[in-house]
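In: output the structure for:
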Amino acid sequence: MNTAPATSSRDLPHPASEDIRLEAVLHALSDPMRLQIVRELAADDDELTCSQFALPVTKSTSTHHFRVLREAGVIRQCYRGTAKMNGLRRDDLDDLFPGLLDALLAAAGRQAARLGD
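Out: Numbering: from 1, shown residues only. Model (predicted):
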């Protein structure tokens, strides 16, 4: 698996777009916290810092969820100063799996409405 090389200790490795696997994406999105992160990124349509997410988990668990999403190729993370920025890799996902992200986000929205989340 090719990953973008880390050029400094603050650079984070990401899979190259051609190495993003459907099963890794689906696994990453199968967790409710990770799906919430992706829904918030998709709704904002911009990069967000980790601290902008109100996740009901510890900081270490939150870090784990972001790492799983990054390693699956769902999000891109980079440092801007001391802030770790998160952005949805929508273009890569849409190119590789047309319609998948939109279908998952729509289904998650319907489920949230149904369950009152």
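In: would you confirm that residue 93 contacts residue 20?
Out: Yes: with contact defined as Cβ atoms under 8 Å, residue 93 and residue 20 form a contacting pair (7.4 Å). In this view, the C-beta of every residue, glycine as well, is placed from N, C-alpha and C.
In: find the residues that touch each one of these two.
Out: Both residue 93 and residue 20 are contacted by residue 73, under the criterion Cβ atoms under 8 Å, 6 or more residues apart in numbering.
In: next, the buried residues of the helix or strand hosting residue 66.
Out: Mapping residue 66 onto the secondary structure by DSSP states H and E places it in helix 59-72. Using 16 or more other Cβ atoms under 10 Å as the burial criterion, the residues of helix 59-72 that qualify are 62, 65-66, 68-72.
In: also stretch 40-51?
Out: Neighbour count says stretch 40-51 has 40-42, 47-48, 50 buried, by 16+ other Cβ under 10 Å.
In: so which of these comes closest to residue 24?
Out: Of all those, residue 41 has the smallest distance to residue 24: 17.4 Å, by Cβ to Cβ.
In: now that closest one, nearest residue through space, not along the chain?
Out: When the adjacent residues along the chain are set aside, residue 41 lies closest to residue 88, with 4.2 Å between them (Cβ to Cβ, 6 or more residues apart in numbering).
In: ok, the most centrally placed residue in the chain - contacts?
Out: Compute the mean C-alpha point of the chain, and by Cα atoms, centre = their mean the closest residue is residue 75, 3.6 Å away. Going by Cβ under 8 Å, 6+ apart, residue 75 touches 37-38, 41, 66, 69, 86-89.
In: show me where pLDDT drops low in the protein?
Out: 1-9 (pLDDT under 70).
In: all strands of it, in order?
Out: 48-49, 75-80, 83-88 (DSSP state E).
In: what bridges to the closest residue to residue 69 other than its chain neighbours?
Out: Distance criterion Cβ to Cβ, 6+ apart; nearest residue to residue 69, sequence neighbours excluded, is residue 75 at 4.5 Å. Judged by DSSP bridges, the bridge partners of residue 75 are residue 88.
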